[in-house]
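# can't give you the sequence, but here's the structure:
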């Protein structure tokens, strides 16, 4: 039997391509870096979607994951190590990243060493923050699918008297309470949140009598799943996680009025002993491959405009409706934190009783 030479050569080429790795390894850099980032389910998913693929791409670089429960905890660690940093890269909330930048714990990222900076959304660059946005999360409305039908479509649905005593959410000073107040302010025709949220607070005063708890324990997701509450608010990434965990008993809505982003930033620690390896990791984390992988794993919206997200994941994030997001200057709001907390205590909490 004879074999057509062209088919034979084509077959060999196809086999060779199949045998090649999906990416080219880079052995030009080596070293060991420590990444400080969130613990729990975030750590599990970020390790699988970003850290492990990075180490396959750069086999001579080892990434140690230092887990922390909060951005504030990471800031404390960075302050304690300022004289001799043990952390090279820190992933934390934008407002805390601003504090760390002001204290010169972070250094600015350089486009020459982090080329993926050029492909980021404008919202990923925050004035006064040395790093860049690495994930976008947004506030969502969550509900128990057995108790609530039809599904809510608007933030205004939270003000429905039918939910009296069956609505839970963290209040101010928790950022979720602030975020819903910002949304309520926008719906009421309020102006720039950094100039005040009086119209938003007036709406929250109207909502207060319906609220079962401003301090849901263990959390709003669990209370909605177990039927203690019918509706609540939460961050999209965790809401989507619990939707899957509960097999759809909890469902997630991005209301028609839009929402607000919470931004996590990735930062280069000042005095890193492994600067080149750290910059390589930051560039990879901001690149389309890592952004796509983490979005499709945990449903944070990508900050890289070139990330090609699959439709299923795209429909479960705000990536496809960026124009509906209400712009919030979290740095400016952080300066009003004490004032907003006092306004909450004087106006909203008394209306709950």
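That came through, no problem. Source: prediction; values computed, not measured.
# how much space between the residue nearest in space to the middle of the chain and residue 93?
Central residue of the chain (Cα atoms, centre = their mean): residue 137, 3.7 Å from the mean position. Counting by Cβ to Cβ, to the nearest Å, the gap from residue 137 to residue 93 is 10 Å. For glycine as for every other residue, the C-beta is placed from the backbone atoms N, C-alpha and C.
# wait, is the residue nearest to the centre of the chain part of a helix?
No: according to DSSP: H, G, I helix; E, B strand; the rest coil, the state of residue 137 is strand, so it is not within a helix.
# For stretch 291-302, buried residues please.
Across stretch 291-302, burial judged by 16 or more other Cβ atoms under 10 Å covers 291-302.
# swap in stretch 331-350?
Using 16+ other Cβ under 10 Å as the test for burial, stretch 331-350 gives 331, 333-334, 336, 340, 343-344, 348-349.
# So for stretch 50-59, what gets flagged as buried?
50-51, 53-55, 57-58.
# Return the subset of the buried residues of stretch 291-302 lying in helices.
291-298 (DSSP state H).
# still on that earlier bit, so which of the buried residues of stretch 50-59 is the closest to residue 174?
Of all those, residue 174 sits closest to residue 50, with 27.1 Å by Cβ to Cβ.
# what are the phi and psi angles of that closest one?
phi -120, psi -50 (degrees, to the nearest 10).
# Who are the contact partners of it?
The contact partners of residue 50, taken as Cβ atoms under 8 Å, 6 or more residues apart in numbering, are 284-285, 290, 293-294.
# can you do 7 Å?
Contact partners of residue 50, counting by Cβ atoms under 7 Å, 6 or more residues apart in numbering, are 285, 290, 293-294.
# And for it, nearest residue in space, chain neighbours not counted?
In space, and not counting its chain neighbours, residue 50 is closest to residue 290: 4.7 Å by Cβ to Cβ, 6 or more residues apart in numbering.
# same question, residue 141
Leaving out its chain neighbours, the residue that sits closest to residue 141 by Cβ to Cβ, 6+ apart is residue 253, at 4.4 Å.
# do you know how far the one you found is from residue 288?
28 Å.
# thought residue 274 was touching residue 29?
No: using Cβ atoms under 7 Å, residue 274 makes no contact with residue 29, being 9.4 Å away.
# so what's residue 21 scoring on pLDDT?
The per-residue pLDDT reported for residue 21 equals 45.
# Ok, residue 1 next?
The model's pLDDT for residue 1 equals 35.
# same check, this time on residue 16
In this model, residue 16 carries a pLDDT of 39.
# Then residue 56?
The predicted local confidence for residue 56 is 98.
# Just say helix, strand or coil for it.
Following three-state DSSP, residue 56 is assigned to helix.
# ok, it to residue 298 distance?
Counting by Cβ to Cβ, the gap from residue 56 to residue 298 is 20 Å.
# what do you get for residue 261?
15 Å.
# Show me where this structure has its strands.
31-38, 61-68, 89-93, 106-107, 132-144, 167-168, 211-213, 231-235, 250-253, 259-269, 325-326 (DSSP state E).
# in the stretch 201-350 of the chain, which ranges drop under the pLDDT threshold?
Within the stretch 201-350 of the chain, no stretch has pLDDT under 70.
# Surely residue 158 touches residue 206?
No: using Cβ under 7 Å, residue 158 is not in contact with residue 206; the gap is 10.3 Å.
# quick one, which of those two is more surrounded?
Per other Cβ atoms under 10 Å, whichever of residue 158 and residue 206 has more neighbours is residue 158, with 22 against 13.
# wait, what's in contact with that one?
Contact partners of residue 158, counting by Cβ under 7 Å, 6+ apart, are 141, 167, 207, 231.
# List the beta-bridge partners for the closest residue in space to the last one that isn't next to it in sequence.
For residue 231, the nearest residue in space outside its immediate sequence neighbours is residue 143; the separation is 4.7 Å by Cβ to Cβ, 6+ apart. Beta-bridge pairing for residue 143 (DSSP bridges): residue 231, residue 251.
# and residue 143, what pLDDT?
At residue 143, the predicted lDDT confidence score is 98.
# can you pull the contacts of it?
Residues near residue 143 by Cβ under 7 Å, 6+ apart: 151-152, 224, 230-231, 251.
# now residue 35
Residues near residue 35 by Cβ under 7 Å, 6+ apart: 63, 65-66, 89, 91, 281.
# again, only this time at 10 Å
Going by Cβ atoms under 10 Å, 6 or more residues apart in numbering, residue 35 touches 43, 46-47, 50-51, 54, 63-67, 87-91, 266, 278, 281-282, 285.
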